[in-house]
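1. I need the structure of the sequence given here:
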Amino acid sequence: MVMSMKMRTAAAMIELIFALVIMGLVLMSAPKLISTATKSSFVGLQQEAITEAASHMNMILGYHWDEGDTNEEYPDPILIVSTTADNNLSFFKLNSWRIGTPKESSRSIIREDGTKNINATAPANLGKDAGEPPEDDVDDFIGTYVLQNVAAAGKSDVADKQISVATTVSYALDSPVAGTGPYDTTGGDGIISFNGLADTTAGSTNIKHVTVTLTSTSGVDEYAKQIVLQAFVCNIGAYKLASKAF
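-> Numbers count the residues shown, from 1 in each chain. Next comes the predicted model:
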């Protein structure tokens, strides 16, 4: 009888050592990999929050300038603002258009139903009105809403504990700096320098300053951020498209 023998391959000791070393390296790097992946998710969430804040601002700018011009039956009229505004932006009440604006522009302070001299909201009354939502003008969005609040759920091991979006709306100075420009009697160099969007609570003006602030509260300084978006909307009324019968 002939006996046959089969040879089996066996793992050499050196191969086993290499395998153990590789497994050890993988296990040692796992926490770092998990941490990197977690941080990436937080960064992605913050980027989505920035997009949300920008979309929120764009949405606000699409609403009526003031509560006084929210009647959907008529084009928005130019509203009356307080004496703290630039007098050169006032209007001829009898002719129903602004100084320097041709009548053909169709921007009027008088609605088709004859209603005129509608006052803009006083600074102290900016915000939601009784019975709202739904919101109908830009200052109705004053307030803060939370996009994420994992701290409330007791998850203290994450980087971003809360992401919130705060909106403020206030009147801004609309008078140009005196002394320059053809529209200022004291100057004539052709330059008009405006005061920017400095807030004022003295009274209503022709400009509303809208600020959207995105705040990320985090236990990690690297991820604690505050991003501010600013825009403005003006008391210019609305165009009415001309129609002609044939």
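2. report the helix or strand with the lowest average pLDDT across this structure.
-> Ranking every helix and strand in the chain by mean pLDDT, DSSP states H and E puts strand 91-92 at the bottom, with a mean of 60.
3. pLDDT of stretch 206-223, averaged?
-> Mean per-residue pLDDT for stretch 206-223: 81.
4. repeat that for stretch 175-188.
-> pLDDT averaged over stretch 175-188 gives 56.
5. and if you look at stretch 142-162?
-> Here the average pLDDT along stretch 142-162 is 63.
6. and that stretch, end to end?
-> In stretch 142-162, first residue to last residue: 19 Å (Cα to Cα, to the nearest Å).
7. so what's residue 116 closest to, chain neighbours aside?
-> residue 110 (4.2 Å; Cβ to Cβ, 6 or more residues apart in numbering). From N, CA and C alone the C-beta is placed, and that goes for glycine too.
8. any idea how far residue 237 is from residue 61?
-> Residue 61 sits 16 Å away from residue 237, going by Cβ to Cβ, to the nearest Å.
9. ok, residue 126 next?
-> 20 Å.
10. now do the helices in the chain.
-> Here the chain has its helices, by DSSP state H, at 13-61.
11. residue ranges in it under the pLDDT threshold?
-> 1-13, 16, 25-44, 88, 90-108, 148-161, 177-194, 218-223, 240-246 (pLDDT under 70).
12. who's in contact with the nearest residue to residue 211 once chain neighbours are set aside?
-> Among residues not flanking residue 211 along the chain, residue 168 sits closest, at 4.7 Å (Cβ to Cβ, 6+ apart). Applying Cβ atoms under 8 Å, 6 or more residues apart in numbering, we find residue 168 in contact with 142, 210-211, 213.
13. closest one of those to residue 135?
-> residue 142 (9.8 Å; Cβ to Cβ).
14. pretty sure the closest one contacts residue 129?
-> No - judged on Cβ atoms under 8 Å, residue 142 makes no contact with residue 129 at a distance of 11.4 Å.
15. higher neighbour count, the two?
-> For residue 142 versus residue 129, the count of surrounding residues by other Cβ atoms under 10 Å is larger for residue 142: 18 against 15.
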